[in-house]
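Undergrad: predicted model and sequence below, questions to follow.
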Amino acid sequence: MSSQSNLATGTDRDTPLEALKAVVERFCTERDWDQFHDAKELSIGAATEAGELLALFRFQTGPDIENLLGDASSRRRVEEEMADVLFFILRLAQRYDIDLTSAFTRKLALNAVRYPVEKSRGKNRKYDEL
């Protein structure tokens, strides 16, 4: 059976992260990619794909970005680059048994302390500059 028939077909609203991690694992196992997917390589992949996402917005003004995201073809390119970043993050989490929901929740709690509303509302400064 090919991984095409194993792909998740839901939406963000009804697809748990664990299901996406399982899809990524099947996809990579079918291709014997474990040998290439250590933490360093997956981190490089995530950063590379994030750079490709960034390149779509480089030198764009606010209205340019609105137009880009309003155009179906351009929006699809943005979605594909975002999906590439997500793939590498999911694969890293899957390979090293990282619970992304727990990690996200812990980090958000830390950021709530670092960026208290009364100091950070309407500001884009780093926490040590507030």
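TA: That came through, no problem.
Undergrad: phi, psi for the residue nearest the centre of the chain please.
TA: Note on the chain: the residue nearest the mean C-alpha position is residue 86, at 3.4 Å, using Cα atoms, centre = their mean. Phi and psi for residue 86, reported as degrees, to the nearest 10, are phi -60, psi -40.
Undergrad: count of residues packed around the closest residue to it other than its chain neighbours?
TA: The spatial neighbour of residue 86 that comes closest, neighbours along the chain excluded (Cβ to Cβ, 6 or more residues apart in numbering), is residue 20 at 7.7 Å. For glycine as for every other residue, the C-beta is placed from the backbone atoms N, C-alpha and C. Taking other Cβ atoms under 10 Å as the criterion, the count of residues near residue 20 is 20.
Undergrad: pLDDT score assigned to the residue of the chain most remote from its centre?
TA: Centroid-distance maximum for the chain: residue 118 at 29.2 Å, with Cα atoms, centre = their mean. Here, the pLDDT recorded for residue 118 equals 95.
Undergrad: residues in contact with the helix or strand hosting it?
TA: Taking DSSP states H and E as the definition, residue 118 sits inside helix 117-120. Taking contacts as Cβ atoms under 8 Å, 6 or more residues apart in numbering, the residues outside helix 117-120 that touch it are 127, 130.
Undergrad: for residue 123, give its distance to residue 114.
TA: For residue 123, the distance to residue 114 under the criterion Cβ to Cβ, to the nearest Å works out to 13 Å.
Undergrad: also residue 130?
TA: With the distance defined as Cβ to Cβ, residue 130 ends up 8 Å from residue 114.
Undergrad: returning to that earlier point: and the residue nearest to the centre of the chain, how far from residue 125?
TA: Distance, residue 86 to residue 125, by Cβ to Cβ: 28 Å.
Undergrad: the nearest residue to residue 21 once chain neighbours are set aside: which element?
TA: Counting by Cβ to Cβ, 6+ apart, residue 94 is the residue found nearest to residue 21 once chain neighbours are left out, at 4.2 Å. Under the criterion of DSSP H and E, residue 94 resides in helix 72-95.
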